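Asker: only geometry, no sequence info:
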């Protein structure tokens with residue numbers, strides 16, 4: 001008896017996620033976190049809040065980097081053309 005359609009495992013997609021582009025966004029998020037830390041040092045009345053936001057952005061960047069490391073396959077290398 002075949003498995004119901006709802007229980008079938010989908011086949012792996014034949015496309016590749018852009019790891020390089022995602023890691024560039026990770027870098028941008030880390031820069032935002034650093035800038036928020038600097039603002040926290042300069043603005044005492046809201047330093048705690050800015051530090052919390054900075055930590056959240058940094059944690060998001062870290063999670064995104066881990067996700068890319070675990071889930072994104074490298075792009076296939078094309079064979080060089082031999083003349």
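Answerer: Cool, the structure landed. From a predicted model like this one, the values you see are computed outputs, not experimental measurements.

Asker: so, low pLDDT: which residues of this protein?
Answerer: Residues of the chain meeting the criterion pLDDT under 70: 1-17, 74-83.

Asker: which stretches in it count as strands?
Answerer: Applying DSSP state E to the chain gives no strands.

Asker: in it, which spans are helices?
Answerer: 19-42, 47-71 (DSSP state H).

Asker: so can I have CSV of those showing mean neighbour count?
Answerer: Quick note: C-beta positions are derived from backbone N, CA and C, even for glycine. Shown next, in CSV, are the helices of the chain (neighbours: other C-beta atoms under 10 Å):
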stretch, mean neighbour count
helix 19-42, 14
helix 47-71, 14
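
Asker: thinking residue 68 is in contact with residue 21, fair?
Answerer: No: if you go by C-beta atoms under 8 Å, residue 68 and residue 21 don't touch, sitting 9.9 Å apart.

Asker: and residue 35, what is it in contact with?
Answerer: Applying C-beta atoms under 8 Å, 6 or more residues apart in numbering to residue 35 gives no contacts.

Asker: same question, residue 57
Answerer: Shown in contact with residue 57 (C-beta under 8 Å, 6+ apart): 29, 32, 33, 36.

Asker: now residue 42: how far from residue 58?
Answerer: Separation of residue 42 from residue 58 (C-beta to C-beta, to the nearest Å): 18 Å.

Asker: hmm, I was thinking of residue 46
Answerer: From residue 46 over to residue 58 the distance is 18 Å, taken as C-beta to C-beta.

Asker: now residue 71
Answerer: Residue 71 sits 20 Å away from residue 58, taking C-beta to C-beta as the criterion.

Asker: quick one, phi/psi of residue 72?
Answerer: phi -100, psi 120 (degrees, to the nearest 10).

Asker: that one touches residue 20, doesn't it?
Answerer: No: using C-beta under 8 Å, residue 72 is not in contact with residue 20, being 9.6 Å away.

Asker: just to check, residue 25 is in contact with residue 64?
Answerer: Yes: the criterion here is C-beta under 8 Å, and residue 25 meets it with residue 64 at 7.1 Å.
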